[in-house]
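Asker: Show me the folded form of this:
(2 chains)
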Amino acid sequence: MTHRSDRALRVEGLARVEGEGGMRVRVVDGQVTDVQLQIYEPPRFFEGFLRGRRYTEPPDITARICGICPVAYQMSACQAIEDACGVEVGGTLADLRRLLYCGEWIESHALHIYLLHAPDFLGYPGAVELARDHRDIVERGLALKKVGNEILEVLGGRAIHPINIKVGGFYRAPDPATLAALRPALRRARDDALATVSWVAGFDFPDFTHPHEMLALVEPGRYAIERGTPCTDRGLTFPVREFETYVREEQVSHSTALHAHLAGRGRYLTGPLARFALSRQWLSPLAAQAAAEAGLDGGCRNPFRSIVVRAVELAYAVEEALRLIEEYEPPTVSDVDVVARAGRGYGATEAPRGTLFHRYELAGDGTVRSARIVPPTSQNQAAIEDDLRRFVQDRLALDDHRLTHECEQAIRNYDPCISCATHFLDLSVERETT
Amino acid sequence: MSAVVIGVGNAYRRDDGVGPAVVARLGSHQLPGVRLVDCDGETGRLLELWRDADVVVIVDAVRVRHPQPGRVHRRSLDRPTFRGRPASSHGADLGDAVELARVLGRLPRLLLLYAVEVADTSFGIGLSPAVDAAADQLTTEVVATLRARVSA
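Answerer: Just a heads-up that it's a prediction; the model follows:
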């Protein structure tokens, strides 16, 4: 195929991503002219669905947007509604929210590392084949995932679409003994997470770096998870309430998800690489050491090595969960009163895949008048497409099969949750000769 | 004998919510020893859910090219057609979950899949009439199956 100068690549089925979507690459005269990550879902459905609902309902409703990261949606929704009502939830309740979020990071990162991404690097078509040869490794991944699940079950009431979360806090705060019972499993998970970092750090990574500006929440003093101020690695900082001024979304013809860019600056990247770039100085000592031993102490701009960064974040989330449980003192109340009032509120948290922004406008009686949700995958869409463009350009000598496989792997670097931006995802790579 | 019934689907995608709808309807029946849960169908979660169960029942929606909404496909673990990529409305792959469980020695004693053909997976809540009727019928069938298997 190397003699062809004009061709198009189409991949009809992208496996091991959350959802369904499409991918299309066009090459003319030896130059990649067009790359499209196709996302089909009407993304504004949930926003429309939220209009007219009570202000207490968005956390439960938006949790249904994504089965993989419901906590992220609940936390961003709670924060935005509390902001609209002039309430800030702090102290132990905020710590419990961070603990809940750690559970989601652990579960999501373990899923992506072990079942979705690692098979790419080891030459297996999927987790089943990986498990045939390395049962113990897959068992380790499932054990890590289970610990995350257990945190969600204890704090959230259940692992999928947690029901114990409410505007203002929790329906019921856990008793210390229940949380303490998680510690043995978390201690084992800490060892497993550190072993995970060593394991994935030994993979072979293509020589590839991205040029994108990186955006993540920053909370000086600790690794931002459930709150923070949006910052980029090129010095841009703005308050959460200005998010829509700085992040502009536009419709593109090949996707029903909106493309986001930074006003006057262009495409950008959110997610583990961005968080690591902006907050790695606040990792726990153990996670920082693991990152250094994995060769990440100088930062990381290779999207393929995002699996290593995820593993470091996995170790951090486990350690942080242990710390939060050890310091836990039951709150006097499980939630604070949030009285509805007319106004706008803004919330942003770090979902496993990146910054998740919510904005709600409430009427005086607590009815939701409008809602805006900006999920990480739609923010990353332009950056993913740009990566593909440059990645394919340098690999045109590969045959269709190999190139298609490597494109899929490049997309999986971002753990795209098309379920968040969309529900169904199909990946396609096309080739055609002109 | 312990059992778990797993409703796979999204109640905000109309007929896609048939699995959770059956699980909700089962809640009004006396089924000792039976756990009722909803799930998005993700492989790892399915494996955890059926880890300690002798009998696993999965109710899911399927999209087919020419659907007869409400038609129910019944599969058990020993049927080879259970493998591969079922026409599930979810990105999750039930076939992978079964294969992974097999490799890891985590298969339940009995695994039953009830797959309901659906037509409307647009955004919104509520089942279409044919799928709603199938959910009622399926609820009755699953109750009978569980009472026969679990209490045996």
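Asker: Who does the closest residue to A:Thr237 other than its chain neighbours form a beta bridge with?
Answerer: By the measure of CB to CB, 6 or more residues apart in numbering or on different chains, the closest residue to A:Thr237 outside its immediate chain neighbours is A:Cys231, 4.8 Å from it. All C-beta spots, glycine's among them, are computed from the backbone N, C-alpha and C. Counting by DSSP bridges, A:Cys231 is bridged to A:Ala216, A:Thr237.
Asker: how close does A:Cys231 sit to chain B?
Answerer: 32 Å (CB to the nearest CB, to the nearest Å).
Asker: can you check A:Tyr316 too?
Answerer: For A:Tyr316 relative to chain B (CB to the nearest CB), the value is 21 Å.
Asker: So which residues on chain B come close to chain A?
Answerer: B:10-13, B:37-45, B:47-48, B:89, B:91, B:96, B:99-100, B:103-104, B:123 (CB under 8 Å from any CB of the partner chain).
Asker: What ranges in chain A fall below the confidence cut-off?
Answerer: For chain A, the stretches with pLDDT under 70 are A:1-22, A:38-44, A:65-68, A:159-160, A:253-257, A:416-434.
Asker: all strands of it, in order?
Answerer: A:7-11, A:22-28, A:31-38, A:165-166, A:169-170, A:213-218, A:229-232, A:247-252, A:255-262, A:268-269, A:343-351, A:354-362, A:368-374 (DSSP state E).
Asker: Mean neighbour count added to those strands, as JSON lines?
Answerer: JSON lines is the format used below for these (neighbours: other CB atoms under 10 Å in any protein chain shown):
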{"stretch": "strand A:7-11", "mean neighbour count": "20"}
{"stretch": "strand A:22-28", "mean neighbour count": "22"}
{"stretch": "strand A:31-38", "mean neighbour count": "18"}
{"stretch": "strand A:165-166", "mean neighbour count": "22"}
{"stretch": "strand A:169-170", "mean neighbour count": "24"}
{"stretch": "strand A:213-218", "mean neighbour count": "24"}
{"stretch": "strand A:229-232", "mean neighbour count": "21"}
{"stretch": "strand A:247-252", "mean neighbour count": "14"}
{"stretch": "strand A:255-262", "mean neighbour count": "21"}
{"stretch": "strand A:268-269", "mean neighbour count": "26"}
{"stretch": "strand A:343-351", "mean neighbour count": "24"}
{"stretch": "strand A:354-362", "mean neighbour count": "26"}
{"stretch": "strand A:368-374", "mean neighbour count": "20"}
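Asker: Compare these and report which one is nearest to A:Ala195.
Answerer: Counting by CB to CB, A:Ala195 lies closest to strand A:343-351 out of the strands of chain A; the figure is 24.5 Å.
Asker: is the closest one anywhere near chain B?
Answerer: No. Judged by CB under 8 Å from any CB, strand A:343-351 stays clear of chain B, getting no closer than 15.8 Å.
Asker: in chain B, which residue is closest to the centre?
Answerer: By CA atoms, centre = their mean, chain B has its centre lying nearest to B:Val59, at 1.6 Å.
Asker: next one: chain A
Answerer: Short answer for chain A (CA atoms, centre = their mean): A:Arg353, at 1.2 Å.
Asker: My guess is that residue contacts A:Gly271. True?
Answerer: Yes. Taking contacts as CB atoms under 8 Å, A:Arg353 lies within contact range of A:Gly271: 5.3 Å.
Asker: any shared contact partners between the two?
Answerer: Common neighbours of A:Arg353 and A:Gly271, counting by CB atoms under 8 Å, 6 or more residues apart in numbering or on different chains, are A:376, A:380, A:414-415.
Asker: for chain B, longest helix please?
Answerer: When chain B is parsed with DSSP state H, its longest helix is helix B:129-150.
Asker: Other residues contacting it?
Answerer: B:1-3, B:5, B:15, B:18, B:21-22, B:25-26, B:29, B:31-34, B:54-55, B:57, B:59, B:61, B:69-72, B:110, B:112, B:114, B:116, B:118-120, B:127.
Asker: and if we set it to 7 Å?
Answerer: If you take CB atoms under 7 Å, 6 or more residues apart in numbering or on different chains as the criterion, helix B:129-150 is touched by B:1, B:3, B:5, B:15, B:18, B:21-22, B:25-26, B:29, B:31, B:33-34, B:55, B:57, B:59, B:69-70, B:72, B:110, B:114, B:116, B:118, B:127.
Asker: Now which of the residues you listed would you call buried?
Answerer: By neighbour count, with 16 or more other CB atoms under 10 Å in any protein chain shown, the contacts of helix B:129-150 hold B:3, B:5, B:15, B:18, B:21-22, B:25-26, B:31, B:34, B:55, B:57, B:59, B:69-70, B:72, B:110, B:114, B:116, B:118, B:127 as buried.
Asker: Which elements pack onto the strand or helix carrying B:Asp60?
Answerer: If you go by DSSP states H and E, B:Asp60 is part of strand B:55-62. On a contact count with 3 or more CB pairs under 7 Å, 6 or more residues apart in numbering or on different chains; DSSP states H and E, strand B:55-62 meets strand B:3-8, helix B:18-26, strand B:110-117, helix B:129-150.
Asker: Mind putting those into a markdown table with mean pLDDT?
Answerer: Listed next are the helices and strands packed on strand B:55-62 as a markdown table, based on pLDDT from 0 to 100:
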| stretch | mean pLDDT |
| --- | --- |
| strand B:3-8 | 93 |
| helix B:18-26 | 95 |
| strand B:110-117 | 91 |
| helix B:129-150 | 94 |
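Asker: out of those, deepest packed?
Answerer: strand B:3-8 (a mean of 26; mean count of other CB atoms under 10 Å in any protein chain shown).
Asker: Now do that one against strand B:55-62: the angle between them, please.
Answerer: Angle of strand B:3-8 versus strand B:55-62, following axes from the mean of the first three to the mean of the last three CA atoms, to 10 degrees, is 10 degrees.
Asker: what does strand B:3-8 rub up against?
Answerer: Taking CB under 7 Å, 6+ apart as the rule, strand B:3-8 contacts B:19-20, B:22-23, B:26, B:33-39, B:41, B:46, B:49-50, B:53-60, B:90, B:142, B:146, B:149-150.
Asker: Around the residue lying closest to A:Arg183 once chain neighbours are set aside, how many other residues sit close by?
Answerer: Using CB to CB, 6+ apart and skipping the chain neighbours, the partner closest in space to A:Arg183 is A:Ile325 (6.1 Å). Counted by other CB atoms under 10 Å in any protein chain shown, the residues lying close to A:Ile325 total 22.
Asker: residues contacting A:Ile325?
Answerer: So, once contact is read as CB under 7 Å, 6+ apart, A:Ile325 ends up touching A:99, A:179-180, A:182-183.
Asker: swap in A:Gly271?
Answerer: Applying CB under 7 Å, 6+ apart, the residues contacting A:Gly271 are A:353-354, A:376, A:380, A:414.
Asker: List the backbone torsions phi and psi for the residue in chain B that chain A sits nearest to.
Answerer: Here chain B gets closest to chain A at one residue, B:Asp40, 3.0 Å apart by CB to the nearest CB. Torsion angles at B:Asp40 (phi, psi; degrees, to the nearest 10) stand at phi -80, psi 0.
Asker: Per-residue pLDDT of it, please?
Answerer: pLDDT, B:Asp40: 78.
Asker: Could you do B:Arg109 as well?
Answerer: So B:Arg109 comes in at 88 (pLDDT).
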